[in-house]
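Trainee: Just need the structure, nothing else, for what follows:
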Amino acid sequence: MNEKLNTGRNFGGKNWLLVLLALILAGALVSERVSAQFNSSDNSNKKSEKKDKKKSKSDDDDDDEDEKQKEDEKQKEKEAKKAEKIAKEAKKKESKSSSSSSTKTIAAPAAAATAEALEAVTATVETDPVPNGGDAADDPAIWIHPTDPTQSTIIGTDKLGGLAVYDLSGKQIQYLADGQMDNVDLRDGFTLGGQKVSIVTASNRKTNSIAIYKVNSQTRQLENVAARSITHTMKVYGMCMYRSEKSGKIYYFGTSKTGDVEQYELADNGSGKVDAKKVRNFKLGSTVEGCVADDKLGHFYVAEEAVGIWKYGAEPDAGTQGATIAKVGDGHLYADVEGLAIAYGKDNTGYLIASSQGNHSFVVYRREGGNEFVKKFRVGNGDKVDGAEETDGLDVTTANLGPAFPNGVFVVQDGFNDKGNQNFKLVPLQMIVKL
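Mentor: Residues are numbered from 1 along each chain as shown. Okay, here's the model as predicted:
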């Protein structure tokens with residue numbers, strides 16, 4: 001009996017150990033499963049959190065992008081308002097400037113212009129371009145044919161090469177590559193070799209001399225008649241001519257960048273050639289180029305480019321004192337003051353016309369009296385011929401030159417020809433003034 005009881009206890013102990021072991025294994029298994037579930041849940045939570053973070057970052061990036069776009073739009077709006085403000089201030093300033101100084105820009109290259117709408121005239125003819133490019137064409141002179149005005153010509157300088165002769169249709173009929181001719185002028189009725197001829201002179205900057213020609217009325221071309229090389233004692237720039245009503249003599253005026261003016265008397269040397277001797281000189285304060293003499297009234301006008309227009313006596317014994325008749329900055333003239341020309345009217349009336357190069361315009365003064373201001377105008381673009389800007393030299397005649405120019409013609413150099421090299425424009429005079 002005791003043996004059975006002991007046997008029973010032993011068996012019961014072993015079962016208890018097995019049960020314990022089973023419980024431990026089961027617990028471990030449950031724990032592992034719980035841990036796996038926990039890890040799975042944790043990973044899922046982490047992934048979800050990561051996803052949420054990523055979404056949050058994406059949302060933040062979108063917000064940043066929206067914010068950046070808003071900032072850009074604000075900046076653009078700010079810049080637009082600033083530009084608008086600047087434009088308004090500029091417009092206000094221009095309006096103020098216009099009312100106080102009468103200045104405004106006319107459509108033309110690199111220059112100022114007058115505020116009021118300048119009267120515009122148009123050229124009906126333009127000459128062939130000069131052979132040389134760049135700033136080459138400079139000054140014209142009008143030769144009137146003695147028997148057939150329609151056969152008259154325009155003589156123009158090419159200051160990089162010589163002289164060109166054009167007919168009234170603008171076609172070049174002669175070119176003389178004789179030097180750097182800056183200005184040109186002419187006078188009829190010069191006695192040479194016992195005959196009356198039209199004498200033409202030009203300032204040759206290459207040789208610092210007076211170039212002298214006569215017009216062959218048959219061919220309408222120029223022929224050199226200089227007796228010798230007549231050089232200046234200054235460095236010549238521009239020039240013009242004068243025929244005295246008192247003596248009948250013909251003179252040449254040379255001008256310079258140093259303000260010096262020299263006057264020469266021209267004469268036949270006895271061998272059918274033209275010689276010259278200096279009879280007067282005087283000096284202005286700065287650069288002078290364009291000039292013109294009034295043969296009937298005995299006046300000599302010269303343009304001091306940065307200052308204005310001066311008036312002297314044209315006779316060699318007239319002294320050296322001059323008077324200004326117009327000043328740069330007076331509301332009419334804008335530097336540089338360049339070419340000058342006289343339109344002769346009846347009973348010593350007429351007009352003095354000046355090139356106001358700084359604003360591409362031309363200023364008209366009365367020839368008589370105190371040279372009162374008359375008007376301003378510009379040469380604008382026409383249907384077939386472009387306008388004239390930055391004009392250097394000019395010339396005018398009131399003679400009837402035929403159907404194309406029955407009341408005379410106004411000729412100007414064009415600094416910006418639209419068809420190549422510089423050239424000259426011809427405007428019917430009745431478009432500008434009535435005489």
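Trainee: so how many other residues sit close to residue 143?
Mentor: If you count neighbours by other Cβ atoms under 10 Å, residue 143 ends up with 21. For glycine as for every other residue, the C-beta is placed from the backbone atoms N, C-alpha and C.
Trainee: Please disregard the earlier target; I meant residue 124.
Mentor: Counted with other Cβ under 10 Å, residues neighbouring residue 124 total 18.
Trainee: Quick check: it vs residue 428, distance?
Mentor: Using Cβ to Cβ, to the nearest Å, residue 124 is found at 6 Å from residue 428.
Trainee: got any residues that touch both of these two?
Mentor: Common contacts of residue 124 and residue 428, defined by Cβ atoms under 8 Å, 6 or more residues apart in numbering, comprise residue 404.
Trainee: List the contacts of the residue lying closest to residue 145 once chain neighbours are set aside.
Mentor: Leaving aside its sequence neighbours, residue 145 sits nearest to residue 151 (Cβ to Cβ, 6 or more residues apart in numbering; 4.2 Å). Contact analysis of residue 151 by Cβ under 8 Å, 6+ apart lists 145, 167, 168, 220.
Trainee: From residue 242, how far off is residue 151?
Mentor: Counting by Cβ to Cβ, the gap from residue 151 to residue 242 is 26 Å.
Trainee: Next, the buried residues of stretch 351-369.
Mentor: 351-368 (16 or more other Cβ atoms under 10 Å).
Trainee: Now do the same for residue 150: helix, strand or coil?
Mentor: Following DSSP: H, G, I helix; E, B strand; the rest coil, residue 150 is assigned to helix.
Trainee: correct me, but it touches residue 168?
Mentor: Yes. In this structure, residue 150 is within contact of residue 168 by Cβ atoms under 8 Å, at 6.6 Å.
Trainee: where do the contact lists of those two overlap?
Mentor: Looking at what touches both residue 150 and residue 168 (by Cβ under 8 Å, 6+ apart), the common residues are 401, 402, 404.
Trainee: ok, the nearest residue to residue 431 once chain neighbours are set aside - how many residues close by?
Mentor: Closest residue to residue 431 apart from its sequence neighbours, by Cβ to Cβ, 6+ apart: residue 121 at 4.2 Å. Residue 121 has 22 neighbours, counted by other Cβ under 10 Å.
Trainee: Is residue 121 bridged to anything, and to what?
Mentor: Beta bridges link residue 121 to residue 379, judged by DSSP bridges.
Trainee: What's the per-residue pLDDT of it here?
Mentor: The model reports residue 121 with a pLDDT of 98.
Trainee: can you tell me which residues contact it?
Mentor: 377, 378, 379, 380, 427, 431, 432.
Trainee: go with 10 Å
Mentor: By Cβ atoms under 10 Å, 6 or more residues apart in numbering, the contact set of residue 121 is 362, 377-380, 382, 387-388, 410, 425, 427-432.
Trainee: and if you look at residue 228?
Mentor: Taking Cβ under 10 Å, 6+ apart, we find residue 228 in contact with 209, 210, 212, 269, 273, 274, 275, 276.
Trainee: Without its sequence neighbours, what residue ends up closest to the second one?
Mentor: Right, the one you point to is residue 210. residue 230 (4.5 Å).
Trainee: is it true that the one you found touches residue 239?
Mentor: No. Using Cβ atoms under 10 Å, residue 230 makes no contact with residue 239, being 11.9 Å away.
Trainee: Neighbour count for those two, which is higher?
Mentor: Between residue 230 and residue 239, counting by other Cβ under 10 Å, residue 239 is the more crowded of the two (28 against 23).
Trainee: what about that one, which helix or strand?
Mentor: Here residue 239 sits within strand 236-243, counting by DSSP states H and E.
Trainee: how about that strand as CSV, C-alpha atoms only?
Mentor: Presented in CSV, the C-alpha positions along strand 236-243 are these (Å, rounded to 0.1, in the frame of the first residue of the first chain):
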residue,chain,number,x,y,z
VAL,A,236,40.9,125.8,-92.0
TYR,A,237,37.5,124.2,-91.3
GLY,A,238,34.6,125.9,-93.1
MET,A,239,34.2,128.8,-95.6
CYS,A,240,31.9,131.0,-97.6
MET,A,241,32.1,133.8,-100.3
TYR,A,242,31.1,137.4,-100.7
ARG,A,243,30.8,139.8,-103.6
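Trainee: After that strand, which helix or strand is next? Please name it.
Mentor: strand 250-256.
Trainee: Now residue 249. Nearest residue, chain neighbours left out?
Mentor: Nearest to residue 249 is residue 265, by Cβ to Cβ, 6+ apart, at 5.9 Å.
Trainee: ok, the one you found to residue 254 distance?
Mentor: Distance from residue 265 to residue 254, counting by Cβ to Cβ: 13 Å.
Trainee: now swap in residue 399 and tell me
Mentor: Plainly put, residue 399 is 27 Å away from residue 254 if you go by Cβ to Cβ.
Trainee: Which one's more surrounded, these two?
Mentor: residue 254 (30 against 17).
Trainee: Near residue 255, how many other residues are there?
Mentor: Residue 255 - counted by other Cβ under 10 Å - has 28 other residues nearby.
Trainee: returning to what we had before: report the mean confidence score over the strand holding residue 239.
Mentor: Throughout strand 236-243, pLDDT has a mean value of 98.
Trainee: Check which helix or strand residue 196 maps to.
Mentor: Secondary structure assignment for residue 196, by DSSP H and E: strand 195-204.
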